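J.: Starting from these lines, generate the structure:
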Amino acid sequence: MAKSIVKEAGVVTADYVVMKANSFPTRKAANMAYPVFVKPVIGGDSIGIDDLSVVFNPEQLGAKIKQIFNVLNCDALVESYLAGREFSVGILEDEKSGVLTAMPIEIIAPKNNRGHRVLDFDIKRSDREHVRQVKNKTLHKKLSEAGKSAFTALGGRSFGRIDIKLCAAGIPHFIEANLMPGLSKGYFYRSCAINLGITYDEMILLLCRNRLNSHILSSAT
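T.: Below is the predicted model of the structure:
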């Protein structure tokens, strides 16, 4: 649903189809060029994503869809594979003015045995990915614009995180949104620390002040 909404708003996202367990690939899925990327339609923390998520033929596609259904009991999202770099864009909304601040960071997963960088559940759990600043100003601007557009299209408020990946041509594609990101020292905090130069405590106070200011403003009106 999120991919459909952002696409309608003009944000680029990979071609996709939702597949049910044990279903024969639809014409749309059959016409998608391999490799494709397969993941559950629900869940967080990359649960259900592993080395088998990058699929190269119909047999692998069927096996991965079956695995997702058997383990997580849900449908699978089949997307055109994006071969480029991966990013997360933290979003802060000034609830007085409505101005959005975008804070992109790059996330670099180690290569697996196939040579792909797949940010899967095990890598996140063991904290083996590397996070760094986006120094290229042109790329920073493109990621920021895509992140803010997706956040707005999905009705985000106050703060959130938009995940983006580049295709082989370097075009940012929307992956997914987290409009209630965790406030432990994960990607949202790291996007604040890297882009704003603030500590964890300062981030928490910033979010609290922002929400309180919004409440005071609404009470006054």
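J.: what's the neighbour count on Tyr200?
T.: Applying other Cβ atoms under 10 Å, we find 14 residues neighbouring Tyr200. Backbone N, C-alpha and C define where each C-beta goes, glycine included.
J.: Give me the pLDDT value at it.
T.: Tyr200 is assigned 96 on the pLDDT scale.
J.: Does it touch Lys185 like I think?
T.: Yes. With contacts counted by Cβ atoms under 8 Å, Tyr200 reaches Lys185, the gap being 6.1 Å.
J.: Doesn't Leu84 lie inside a helix?
T.: I think there's a mix-up here, since residue 84 is Gly and not Leu. No. Applying DSSP: H, G, I helix; E, B strand; the rest coil, one finds Gly84 to be coil, outside a helix.
J.: Surely it is in contact with Ile164?
T.: No. Using Cβ under 8 Å, Gly84 makes no contact with Ile164, being 9.8 Å away.
J.: can you tell me the helix or strand for Gly160?
T.: Secondary structure from DSSP states H and E places Gly160 in strand 159-166.
J.: can you check Asn195 too?
T.: Counting by DSSP H and E, Asn195 is part of helix 187-196.
J.: what angle sits between that helix and strand 159-166?
T.: When axes from the mean of the first three to the mean of the last three Cα atoms, to 10 degrees is applied, the directions of helix 187-196 and strand 159-166 differ by 80 degrees.
J.: Check which residues of helix 187-196 are buried.
T.: Neighbour counts over helix 187-196 (16 or more other Cβ atoms under 10 Å) mark Tyr187, Phe188, Tyr189, Arg190, Ser191, Cys192, Ala193, Ile194, Asn195 as buried.
J.: what's the answer for stretch 168-177, then?
T.: Pro172, His173, Phe174, Ile175, Glu176, Ala177.
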